[in-house]
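Asks: Attaching a predicted model along with its sequence, questions to come.
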Amino acid sequence: MKYIIGIGGVTNGGKTTLTNRLIKSLPNCCVVHQDDFFKPQDQIEVGEDGFRQWDVITSLDMEAMVNTIKGWAENPVKFARSHGVAVSPATEASDPEKEIHVLIVEGFLLYNYKPLLEVYDKCYYIAIPYDECKKRRSTRNYTVPDPPGLFDGHVWPMHLKYRMEMEKSRMAIEYLDGLKSRDDIYNQVHEDIQNTLLNRL
Ligand SMILES: Nc1ncnc2c1ncn2[C@@H]1O[C@H](COP(=O)(O)OP(=O)(O)O)[C@@H](O)[C@H]1O
Ligand SMILES: O=C(O)c1ccc[n+]([C@@H]2O[C@H](COP(=O)([O-])O)[C@@H](O)[C@H]2O)c1
Ligand SMILES: [Mg+2]
């Protein structure tokens, strides 16, 4: 049984923190990080506002991301092995239908790209308010550092635009309060996934 989980949400909401904990505790669990699909800096458009437009969907090679997910779906065992994820030997001998393979797809624009919308079995979205987001972002070190004014001039407005677009699409999304503690968020999501997996088997 294959199960694909989206951990989406605003920048600095805690997506990667949550994902890193989940992959340690879920069975045969692989991960795809959307951040790994940013195009090189010289391909990122500079807007009329003077900022490089990192926070738009076209700054990411979404086709490559979809192909990576397809690669997992075609052969999760091969994918796991080639990504250094140990496949539990106990499951290999039993009924293949009962073999669980989980993929977590994690990123800030998971629910705004049509070819991806159908692939998730479960969609989570971590939200935090503007002030907290701005505060957390100010201490982050990206490969390309934020120029002054980027958060208010580009990051937050794009976040609002895409979030509105996502809400209009009426996907079934479970919202998570990113202001809760790391432990609380992890426990909530882990319990939810465990229950779903048990029910599906
Ligand atoms: N629940 C939380 N409460 C407070 N700070 C958090 C929480 N989760 C993550 N953080 C912190 O917020 C920052 C962004 O977390 P990260 O997981 O990298 O977010 P994202 O991947 O969504 O951008 C990091 O400094 C991280 O330690
Ligand atoms: O990873 C990179 O190469 C990179 C380069 C420039 C900017 N980013 C920022 O990465 C953010 C998304 O990642 P995250 O973990 O904050 O959700 C997004 O808001 C971008 O502005 C990321
Ligand atoms: Mg992240």
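Replies: Perfect, I can see it now. Ligands and ions are numbered 1, 2, ... in the order given.

Asks: Give me the local confidence score for Lys15.
Replies: Confidence per residue is given as pLDDT, and for Lys15 that number is 98.

Asks: ok, now which ones touch it?
Replies: Ile7, Gly8, Gly9, Glu106, Gly107, Phe108, Ile126 (C-beta atoms under 8 Å, 6 or more residues apart in numbering). The way it works is simple: take the backbone N, C-alpha and C, and place the C-beta from them, glycine included.

Asks: Tell me how far it lies from Glu99.
Replies: 27 Å (C-beta to C-beta, to the nearest Å).

Asks: is it true that Thr17 touches Arg182?
Replies: Yes: applying C-beta atoms under 8 Å, one finds Thr17 in contact with Arg182, separated by 5.9 Å.

Asks: by contact count, what packs against the lengthiest helix in the chain?
Replies: Longest helix in the chain by number of residues (criterion: DSSP state H): helix 182-200. In terms of contact count using 3 or more C-beta pairs under 8 Å, 6 or more residues apart in numbering; DSSP states H and E, helix 182-200 is assigned the packing partners strand 2-9, helix 15-25, strand 122-127, strand 174-177.

Asks: what is Lys2 paired to in the beta sheet?
Replies: Partner residues in beta bridges with Lys2, using DSSP bridges, are His101.

Asks: Any idea how many residues pack against it?
Replies: Residue crowding around Lys2 was assessed by other C-beta atoms under 10 Å; the count is 13.

Asks: right, and it touches His101 too?
Replies: Yes: here Lys2 lies in contact with His101, judged by C-beta under 8 Å, at a distance of 5.0 Å.

Asks: what is in contact with those two at once?
Replies: When contacts are counted by C-beta under 8 Å, 6+ apart, Lys2 and His101 have Pro76 as shared neighbours.

Asks: State the mean pLDDT of the helix or strand hosting Met166.
Replies: Secondary-structure element containing Met166, defined by DSSP states H and E: helix 156-168. Averaged across helix 156-168, pLDDT comes to 98.

Asks: Hey, what's the angle from that helix to strand 2-9? Just curious.
Replies: In terms of direction (axes from the mean of the first three to the mean of the last three C-alpha atoms, to 10 degrees), helix 156-168 departs from strand 2-9 by 140 degrees.

Asks: Please report how far Met166 lies from ligand 1.
Replies: The span separating Met166 from ligand 1 equals 15 Å under the rule C-beta to the nearest ligand atom, to the nearest Å.
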